[in-house]
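Enquirer: Okay, here's the prediction I keep looking at, along with the sequence it came from:
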Amino acid sequence: MERTGTIEAAGKQAYLWEVPGRAVSIEIDYDVIEQIRRQVCAGLRPGERRGLENGGILLGTVEAGDRLRVHIQAAAPVACEHEEGPSYIVRGRTRERFEEALARRRSGGGPLKAVGFYRGHTRPGLVLDSNDHEALERYFPEEDAVALLVKPFTTRAPVAGFFFRENGAFRTDTSYKEFPFRREELGGAGEQETEAEVRTRFLTDESTAQAADGGNAQRAPEEQAGGEPVTDTTVVPKRTLKLRGGWVWIPLSFIFLLLGTIIGFQIALSVTSRPVASEEANPFDLRLTATPSAGSIHVRWDRHAPAILDAEKATLSIIEGGKQKTVELDAAHLKAGSVIYRKAAGEVTFRLDVATSPGTVVSQTVEFQTAKPQ
């Protein structure tokens with residue numbers, strides 16, 4: 001009989017994935033599901049036919065026996081250059097990053113090992129392609145290796161599927177079982193995150209993006225391959241309070257409006273005497289901006305942000321006309337606070353990925369639309 005659901009594993013809740021007649025059992029912690037879900041959804045953008053795919057390395061433990069038991073307890077994101085389009089392909093500079101990350105994990109010791117890889121899937125279906133098989137054979141030749149594909153959506157939970165070796169080869173068509181890839185749908189709602197877990201994330205929820213964008217972030221159409229906010233910041237997700245009875249909302253809305261106005265005035269008055277209020281509100285906000293400057297684009301970030309002050313290195317990705325360029329930034333350049341981008345025509349997207357420690361990345365994205373010639 002097929003078994004799925006919530007289990008207790010090493011003091012954390014995990015989702016159990018099993019298939020009848022298959023001697024493989026995979027557990028994945030809900031914290032890891034949420035981390036990967038947000039990273040995978042990072043590539044979705046309003047109006048785009050396909051979102052960018054993101055991925056990385058799965059970390060965990062393996063127990064051999066009559067049934068192979070794989071327990072995924074962490075994920076190490078590996079940035080993709082997207083040199084060949086939106087697909088996540090481990091080649092070129094991406095391969096170098098992947099190999100560096102894999103070497104760090106395998107040389108660092110510790111109880112967790114690299115047990116496979118994962119990636120977002122914004123293509124039709126949910127299958128491993130020839131590039132996936134090449135990466136798995138090259139980097140994960142062990143019989144106990146696994147692969148995870150996650151298909152993101154804008155209006156509902158992503159759908160995911162695991163793949164594993166049978167008779168020495170990975171299954172070439174669909175996963176044996178697809179499942180909703182979100183904590184709530186899997187029975188893991190109500191878990192609180194620690195600050196260390198939050199710092200591993202790549203994206204914000206929609207409410208934070210709207211706040212960063214002055215409340216003007218727009219939602220994408222349903223099921224469109226896009227829909228994450230323009231500005232992405234690593235923060236704690238929002239919690240929603242639901243009240244029963246529609247009549248309650250009428251008087252409460254006026255009360256909340258009045259309270260919001262009063263609090264807004266208080267915040268406005270306190271800003272002048274507290275210049276570091278932005279850090280108190282969100283210590284992971286890079287305050288990334290892009291503004292016109294003498295025919296170029298001046299990209300700035302807050303050089304006093306905690307993530308910048310703790311940074312070991314960073315990567316600035318520039319996406320223009322479907323092509324992506326990357327600029328490696330050292331700590332000294334990060335503390336300078338800005339760069340000038342001189343070649344721009346149309347819409348340009350800038351993404352700053354700041355590595356504060358191994359396995360911890362703070363990321364933020366901003367879009368810039370250059371003026372069209374008259």
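Expert: Thanks, I have it. Numbers count the residues shown, from 1 in each chain.

Enquirer: Put the alpha carbons of the one helix or strand residue 326 maps to into CSV.
Expert: Taking DSSP states H and E as the definition, residue 326 sits inside strand 323-329. In CSV, the C-alpha atoms belonging to strand 323-329 read as follows (Å, rounded to 0.1, in the frame of the first residue of the first chain):
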residue,chain,number,x,y,z
LYS,A,323,20.4,37.1,-22.8
GLN,A,324,22.1,37.0,-19.4
LYS,A,325,25.5,38.4,-18.3
THR,A,326,27.1,38.1,-14.9
VAL,A,327,29.5,40.2,-13.0
GLU,A,328,31.4,38.8,-10.1
LEU,A,329,31.7,41.3,-7.2
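
Enquirer: That strand - which strands sit beside it in the sheet, and in what orientation?
Expert: If you go by DSSP bridges, strand 323-329 pairs up with strand 313-320 (antiparallel).

Enquirer: buried set for the strand it pairs with?
Expert: Buried positions in strand 313-320, judged by neighbour count with 16 or more other Cβ atoms under 10 Å: 314, 315, 316, 317, 318, 319, 320. Where C-beta positions appear, they are placed from N, C-alpha and C, glycine not excepted.

Enquirer: Stretch 317-332: end-to-end distance?
Expert: This stretch, stretch 317-332, spans 18 Å end to end (Cα to Cα, to the nearest Å).

Enquirer: Where does the prediction get shaky in the stretch 201-350 of the chain?
Expert: Scanning the stretch 201-350 of the chain for pLDDT under 70 picks out the ranges 201-283, 294, 343-345.

Enquirer: Adding distance to residue 154, write the buried residues of strand 313-320 out as CSV.
Expert: Output for the buried residues of strand 313-320, formatted as CSV (distance: Cβ to Cβ, whole Å):
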residue, distance to residue 154
314, 28
315, 26
316, 26
317, 22
318, 25
319, 19
320, 24
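
Enquirer: biggest separation within those residues, which pair?
Expert: Within the buried residues of strand 313-320, 314 and 320 form the most distant pair, 19.3 Å apart (Cβ to Cβ).

Enquirer: so where does the residue lying closest to residue 184 once chain neighbours are set aside fall, helix or strand?
Expert: Closest residue in space to residue 184, ignoring its immediate chain neighbours: residue 157 at 7.7 Å, by Cβ to Cβ, 6 or more residues apart in numbering. Element membership of residue 157 [criterion: DSSP H and E] is none; it lies in no helix or strand.
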